[in-house]
Every structure is written in structure tokens, then in C-alpha cells.
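# With the sequence up front, the predicted model follows.
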Protein chains: 4
Amino acid sequence: MCRWIAYRGETIALEHYVTAPAHSLVEQSRRALEATASTNGDGFGLGWYGEQDDPGIYREVRPAWSDENLHHLCRHIRSHLFFAHVRASTGTPTTRPNCHPFIQGRWMFMHNGQIGAWPLIRRKVEAMIPDALYASRVGTTDSEAVFLAILGAGGADDPVGATLRVISRLAELVHESGTTEPLRFTAALSDGRNLYAFRYADKNNRANTLYFRESGGNLVVASEPVDRQRDSWTEVPPSHVLTARGRDGLRLRPIAVDALIAAE
Amino acid sequence: MCRWIAYRGETIALEHYVTAPAHSLVEQSRRALEATASTNGDGFGLGWYGEQDDPGIYREVRPAWSDENLHHLCRHIRSHLFFAHVRASTGTPTTRPNCHPFIQGRWMFMHNGQIGAWPLIRRKVEAMIPDALYASRVGTTDSEAVFLAILGAGGADDPVGATLRVISRLAELVHESGTTEPLRFTAALSDGRNLYAFRYADKNNRANTLYFRESGGNLVVASEPVDRQRDSWTEVPPSHVLTARGRDGLRLRPIAVDALIAAE
Amino acid sequence: MCRWIAYRGETIALEHYVTAPAHSLVEQSRRALEATASTNGDGFGLGWYGEQDDPGIYREVRPAWSDENLHHLCRHIRSHLFFAHVRASTGTPTTRPNCHPFIQGRWMFMHNGQIGAWPLIRRKVEAMIPDALYASRVGTTDSEAVFLAILGAGGADDPVGATLRVISRLAELVHESGTTEPLRFTAALSDGRNLYAFRYADKNNRANTLYFRESGGNLVVASEPVDRQRDSWTEVPPSHVLTARGRDGLRLRPIAVDALIAAE
Amino acid sequence: MCRWIAYRGETIALEHYVTAPAHSLVEQSRRALEATASTNGDGFGLGWYGEQDDPGIYREVRPAWSDENLHHLCRHIRSHLFFAHVRASTGTPTTRPNCHPFIQGRWMFMHNGQIGAWPLIRRKVEAMIPDALYASRVGTTDSEAVFLAILGAGGADDPVGATLRVISRLAELVHESGTTEPLRFTAALSDGRNLYAFRYADKNNRANTLYFRESGGNLVVASEPVDRQRDSWTEVPPSHVLTARGRDGLRLRPIAVDALIAAE
């Protein structure tokens, strides 16, 4: 299980959330509090939007806590919308292409979760990636495959709908595999302007934690609070999506994956 | 284009071919003479058989020439059958799982070549990997996919036949893609007892170089000679396979991939 | 604070202690039980003696737990005397030359501890390295400097005496610096035949833990037991040195660093 | 021998010189034209000034040509004054702290050259680093030691004078060592506002190449031209310093190291 943080708001240096706070993401790489894996030392990544349409990324196989470059980059890179992720592998090798976030054109994605029976259903999930995007599969994680599947399902036009369709199909595949392993999906998706954050687990399973804080138009979404002011953080309920689009402000909506499955 | 060496014979320290000679494999990582890419600095790997049935491997993303560990390992590891490979990427990322050799059970494989139009035919090549082996695909190279396809085609029972069937299918796929890019396949395969080395290119294309030297029952096969005694090296002709099995000694035979294709 | 293990006895595969047991050294890299730092993820190293006089080493900046190479090497390398070390940095960068063990000729050394006020006394400790060995200082840790100082103090002829003289001088330097930081020194030293293990802390400070187990002539010394049979492990008392020389068998002796200091 | 580039001018993305041009620095890492080492694959680094007083740095042990992060960072980081460096080691290990540029407070430095007999005179050069800066010595290169010595010699107040004093002392030390190896010093130094570039070799030795181009107030200094418009580049003559300070514009002056040595 991994830890991540997503920010959307005024342009700030990444250090404000990634390296500086008491329980910053880098601190969480050493000692996460609400995760089954207390150490998230299997690589990490940053992704941020600046003046280009497409995001920049920095991914490394070292633990975040010992990477000197990360401190410099977080101090010097400023962004109005960025992701950061520390990884605890569920089995795939620790390589840069297996670290989050993933990018494709102007889209960026990161994930914390588990796709039950992944070795059994991997091929079927990869089959959800359209040919035009298959060359972009440069790693071997479930998360990268899911991201490309979301784009293949129309994510660029309908990010929430496409994500729900993919989750729904994943839930079917996990169920059909006969495994007792869960589907847990806690993810963030962005095109550089809007931010989408999902929290889901299939039935009988506990969704991975997700919190947000909004203040003065600045939104932070995180696996767990990055500072000690826990009162200022609100939990995203299970089976919900948080959206921050244009000037609409924040919306928190239930997602009806089970209904989608039933309807199919 | 990469450079590799395979050894089968008396148990010796790996350094005899990998690090010590005038034009050792590590020296070739800096300055190959018969390759289109003169620098092979995109990772490297060692694989060797010892007292276990399955081989050991050591793979790293650094250039071979600056890896202190490699010098120690080559000085201290002894083997009767080992592979070493320095990589010049044709596009896939420089990660450990993308470095050669690849292993599966007691089988080991490494490759120097090119599969034309790889991005277009990748899915079809991956489809040649049987389900039971698909979880072993931990990287994204063409070479790893081909290795698992060979095992899937019966490589454990009929290594030469299975390899030829896979080459034949690859030639078809490359041809069908409409590309002008070549299929070049210069590879080594072993189960820890026997050694198989292939040199092939589809028609109109020049096969990557391959040489061997046999002396007192010790066989070395290499992309290019590792020392200045060039007279002692024999070229493996294009469209040939070299086999060293049990006590049969060396055999060099033409491979009839075109006939296989025509027969299909 | 780091974790380490040293073995001397019949030739065995390194995996017996490094990767296989319930609380193997690799497991301790994730979750040490008796250390102030529960995660030892700032690089690691192996050193072993084989048929050469000088030892082989393998050192990497990744955490031990995610290094695929380590598993292969521990399964395939066999030795009658080897060291393994997982590192929790006390401030120096995570680079290969800063990982333990350190080697010089046929000597090998590793350390778990702290040299109080290191930034203040570093130059004085480095001044203890003789000119002839200074080119061998390829990293920046206190541990490497101490190792070269021990060799400079006559370690090759009198390993225990030289080590005590260096500890004594370190205790003086730490004391003179005015720091309240401790000197803690828990280290192993070998020339490929004999093994020396030290446990020391200056007054008022608790020495880092050290245990050993001897059975049928096979000796294991470790920062903490590597399996659940805790009854089979004996603690090395503080201010003691354990020696296993030639066929003399094991000796456990108090070390009189304070007396040395007083005598100076 | 390494390759480097320094830029001072309007704020631009680093890619304009580091990754994009025909003979960009990254291309030079593969195939330098005017260097004794045609491959500069022993690590690399970026350093840049942004809104903070102190510069950011990114240093990696991989070759620049295979580092995906480098492409992203050069595309997304913008600066009015930056350094980039690709390294060909003259013997020190390939670690991040041994990669250029080096930083200390708001000062940044990089170097291409050789300090003859370095193993013999290393201690004397390190003795030129004042105590207050010695904790900043986190690597083992000659270049880092020289940088800290320059700051110790008053570099913050008199960058050119302090550098010349240090070069002069280095020339003495190299001469005294009795070596036939040269002192070659081609370096850049900056505080985020002003840029200083030096080209020097001791007598009878050829200084490493250095070029500059100035256009519309934008200055580029580089080991060799980064594009094919060679006419637009001017060679910095041997024994010269190039300065770009405040609004003074460019000055190219001879440096009188020999006179300094004679005067001592």
C-alpha cells in the first residue's frame, strides 16, 4: 500500500506538502500511520504542471527519504497542480517505469490500492488498453495498465465516467477470477486543470484511507493528513469521487460502481 | 545493438572473459568494434550456473564499465556455464528487468538484435507467451517476450526447434507489419548443461556478428572476439545454430527458417 | 543504527542467514526489533571470502528488501566467512562507497554505531589514516575512516590491539569535542581466516546490541538474532571482544578501553 | 575529461541547451567531439537558480542519455542562470556526491580537468578547505575539494582572485609532487547573479577547450559548441577568465597564474 498527495490551487513550491510538514509525504515514506505497510520505500515520484500542457515527472527507485534530489526539486519547482507518491510494492519490481505518477499527453494518474488476483487477470486488464496507447505501457504495474485503460475508455472526455467504467470492469474481473483478494482503488487523475480523486473498494472490503482539505480555493487530497491539524482534514467517504473542476469548486459525490456492474 | 558472451567448459572465474581480456566484454561496453552502437552503456547483466539447478543473475542499470560490483563478482564467481551481456537499448527503458540475461526455472536466455516494428507487433508477440509464463514477464523488452515465447513453444524439450518456430513466427509478424525494419536475432539459450547459440537475420538483412572459439572442450561464443588473437575465432555463419550438448561436442548447422515460413 | 551479521564456519550459501530465516538480515532491513531505527533502508552490502585471498563485495544504495540481485547472490555465493550489513545512515549520503563492508587487501570491516560529534572530529580521525592508505578512502563515512585507521595502527599484525588503540583515541576525540553524543562501536573485522567482533560504548552510554551463536564450530555474530530460537543466542556483553582464530575456538574477553585512555 | 555548459541571460527552459540542440550536452555525453574521452557516461548533473537564493541541483549516476527524468526536468525547469555537466571519471567512483555541479550556500561550481598526482596531493588540497566548510565535503573528487578551497580562499568576496590563488597553489602542489601529469582547470563558478568561467593549464600542457557565445545579453559558455553554427562560437583562449557581472557585460581577461606562483 502506497501513500500519495495531490494539490490544486495557487502556485506554490512542492516542498509545502512533500518535504516540509511534520508528517510530510517523505516522512510518510518512513512511517505511514494509516497504512498496512508502514514503510513506503519502493520508489517514489513527483508529477507537476507548469507552463507546458504536459506535466513534468521525476521518478526514482530509491526511498524518498534518502533522495537529495527530491529535496532540491521540491524546494525549487512550483506548480498549481501536482502529484507526489511514495510506493510500497505489491510485487512488481522497483523500477522507475513502475513508479507513480504515470503520464500520457497532458493526463496524469497515480494510485494506491490493489487489484486482486492481478497475475491471473493481468492480460485481460491489458487488453483494455487500446492499440494506440499500448506503446505507452513502459512498465508492468497494474496501476499503469488501469490508467491507460481509463484513457482508452474515454477518460479525456469523461474522466469520471471512464474511470467508473474501468473500475466496474476490474471488479468483474476480480470477482470472476474466484480470488478472495480485494479490489481497492484510491486514485487521482488530472489533465492539468481539473482534479479527480476516487476512493473505492469492492464489497466487504475496506477502502484505503483518503482525506482532503480545502482552504481559500487551495485543495489538498492525501492518503493521510500531512500535518497534526487533523481537525482541518475531512475524510473522503468510501465509494466517493471528489472533483475540482474549473471554477466550480469542490464536489463530493457517491460513485455507483455496483449499479454499473448490475446493469451490465 | 548489444554485445554478449557465453561460456561452457571447465569451471572458471567469470573474469577470464568478462573483465580481464584486452577486448573483454566490459571493454566492449565502452568501445565495441563490430557494432552499430559503439557504446553499450544501457545496463548489463551476468547469469551463471553453479551448484543449484537454476542460474544466478546480476543485472544493473549502470554501464558495466563503472560498476565496481561487477569486478568483484567476476573475480569471485566461478562457473562452468555463464552468460554476460552489455546493453544498447533500442528504445525500451533502462531498468533491471529489461537487462539480459533472462531466466525462467533452469533456463537462461540473452539476445542481441532487433525485432522490426516492435511497437506494432508487441501484442502479437506477447500473445505467444502461455498464461502459465505470463507472470514471469517482469520487463517490457522484445527479448524477454521472445524468451518466454520460446519456452511456451516447447523450448524445454526441443530448444532448437522451438526457437526456430518462434523466429519463423516473428519473421511473419515483422513482414505482415509492412515495416522495412529487419528481424535480427543473435541469441544464446541454455539449461545449465547444454548451450545453443543462434545467428539469423531475415532476407536482405545482415545478421549481427557472432564468433566462437573451442579449445580443449571449452567453448566461448561472443558477439565479437574478446582478445586480439582473431585467428583463433571462427565466425558463426548467418542462418546457423551452434549447439554444445552433453558430450557430443560442438555442432554447427544451418537453420531453415525460410523453409519453415514457406511450409506454413 | 544499522544491523549486521558475520559468519565463520563450514562453507555455506549466504542465504542461510542473509535472506532465508524468519528474521533474516533482509527482514531486519524492514523491521529491526532492537534498533533505534526500525528501518535500515539506506543501502546494504555483502562481503565474502572464497578462493582468493581478498574478499568479494557487493554494495548497493537500494534497500536490501527490494534488491533482486541480492537474492540471487545469496543463493549462489558460498563462503566460509562472510559479512552482511543493512544501513541506516546517520547523515552521510547513501552511496555505494558509504555502504559496509569495507575492504582493503584481504581485510574486511563493518560497523554499527556512532562517533559523536563526527563533523567536528572528522579531520582528526582522517589524520589517523596513514598516507599509504589514504587513496583507499573512497567514501565519506566515519566507519571507513575508522577501518583505515585500524589498519594504520597495525591492525594487520595485532587486530584487537590496533582496534582498541583506535577506539581509545576516538573516545578521547569525542570527549574533547565537548559533545554529549556517544561513542558507540559494534564492529566486525576479518582477514578471511579469523574473525573479531567488538561491542563497546563510552561511559554512561548503552552499547548497541550484539549476539552470537556457536554450534559445531560454526559461529554467527549478529546485531540481533536472525531466528526465533532466541535461547540459542548469547549476548556479547558491553566492552567485550569476541575472537575466533585458527582452531582456537571462540574467546570472549573484556576490553579495557578506559584503562588505555587513562594510561595515555 | 568531462563536458559542461553554463548559461546566464533571459529566463529560459534548460532544454534549450541541455537536451534539444543537435549537439546538446546530452548528445555530447554519448559522442563528444573535442574531448579525449568520447563518452561522458559517468554521471551528470544540473544546477539552476530560480526564486531562491540557493540553487537547485539534480545529480545522477546514470549516463545522461538514458535518464528520462533529465528530459522532463530540462523541459519544465526555467532559469536565468544554470549549469549542466556530463562526467567522465578520472578515477573517483560514480556516486551522486561526486557529480557536478557542487553547491554551497548560494555558490555553485563545476569543473572539467585534471589535477595531476591527485592521490599524492589530495590531503594537501583538502587541507585548503577551512574547518567551517569541511562538513560540506560529501564526496571524494578533486573538483569538490577545489571548490571548497576557493570559498575558503575568499571566493565569496573575490571570486576571480580566490580562484587564481587556489589554481596557483594547485600548480605548486602538482609541481612539487614530481609528477608529469598536468594541471588542467576549466571551470565555471556563480553566485546566481554573476558568472565566472576559467580556462587554464600549467605550462607545456594544452588547456581543455572552452567556447562562448553572447547574443542579446544571453551568454552561453561550453566545453564545445552545442550546435553546428560554429562561426557563432568564440574560443576562450588558454589562461583566460571570462566574467559576466551585473550589467557590466562580458569581459575576457588573461589570468597570470605563473606570475602569482613566481611572486610567492
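Alright, I've got the coordinates. None of the values given here were measured: they were computed from a predicted structure.
# Please identify the buried residues of stretch A:14-31?
A:14-21, A:23-30 (16 or more other Cβ atoms under 10 Å in any protein chain shown). In this view, the C-beta of every residue, glycine as well, is placed from N, C-alpha and C.
# nope, stretch A:5-14 is what I meant
Buried, per 16+ other Cβ under 10 Å, within stretch A:5-14: A:5-9, A:13-14.
# and those residues as JSON lines, adding distance to residue D:155 and pLDDT?
As requested, these are exported to JSON lines (distance: Cβ to Cβ, whole Å; pLDDT from 0 to 100):
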{"residue": "A:5", "distance to residue D:155": "39", "pLDDT": "97"}
{"residue": "A:6", "distance to residue D:155": "42", "pLDDT": "98"}
{"residue": "A:7", "distance to residue D:155": "38", "pLDDT": "98"}
{"residue": "A:8", "distance to residue D:155": "43", "pLDDT": "98"}
{"residue": "A:9", "distance to residue D:155": "40", "pLDDT": "97"}
{"residue": "A:13", "distance to residue D:155": "28", "pLDDT": "97"}
{"residue": "A:14", "distance to residue D:155": "31", "pLDDT": "97"}
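# OK, contacts around residue A:137?
For residue A:137, the contact set (Cβ atoms under 8 Å, 6 or more residues apart in numbering or on different chains) comprises A:126, A:129, A:144-145, A:148, B:140.
# could you redo the last one with a cut-off of 10 Å?
The contact partners of residue A:137, taken as Cβ atoms under 10 Å, 6 or more residues apart in numbering or on different chains, are A:97, A:102, A:104, A:126, A:129, A:144-145, A:147-148, B:122-123, B:140.
# Restrict those residues to those that also contact chain D, please.
Contacts with chain D are made by residue A:97 out of those, judged by Cβ under 10 Å from any Cβ of the partner chain.
# Show me the contacts of residue A:137 that map onto strands.
Among the contacts of residue A:137, the members falling in strands (DSSP state E) are A:102, A:104.
# Of the contacts of residue A:137, which is the nearest to residue C:112?
residue A:97 (35.0 Å; Cβ to Cβ).
# coming back round to it: just the ones in strands from the buried residues of stretch A:5-14, please.
A:5-9, A:13.
# How many neighbouring residues does whichever residue of the stretch 101-250 of chain A sits closest to chain C have?
Closest to chain C within the stretch 101-250 of chain A is residue A:140: 13.4 Å, counting by Cβ to the nearest Cβ. As a burial measure, residue A:140 scores 21 neighbours (other Cβ atoms under 10 Å in any protein chain shown).
# what separates it from residue A:122, distance-wise?
9 Å (Cβ to Cβ, to the nearest Å).
# same question, residue A:222
From residue A:222 to residue A:122 the distance is 29 Å (Cβ to Cβ).
# Which one's more surrounded, these two?
Neighbours were counted for residue A:222 and for residue A:122 using other Cβ under 10 Å; residue A:222 has more, 26 against 20.
# and chain A, which of its residues are near chain C?
Within chain A, the residues that sit near chain C (Cβ under 10 Å from any Cβ) are A:29-31, A:37-39, A:41-43, A:61-63, A:65-68, A:87, A:89, A:93-94.
# Next step: the residues you listed restricted to strands.
Per DSSP E, the subset of those in strands is empty.
# Keep those, but drop any that are not near chain B.
Answer for the residues of chain A next to chain C near chain B (Cβ under 10 Å from any Cβ): A:61, A:93-94.
# pLDDT of the helix or strand hosting residue A:70, averaged?
Assigned by DSSP states H and E, residue A:70 belongs to helix A:68-76. Averaged across helix A:68-76, the pLDDT comes to 97.
# thinking in terms of the whole chain, how far from its middle is that helix?
Relative to its parent chain, helix A:68-76 has a centroid offset of 21 Å by Cα atoms, centre = their mean, to the nearest Å.
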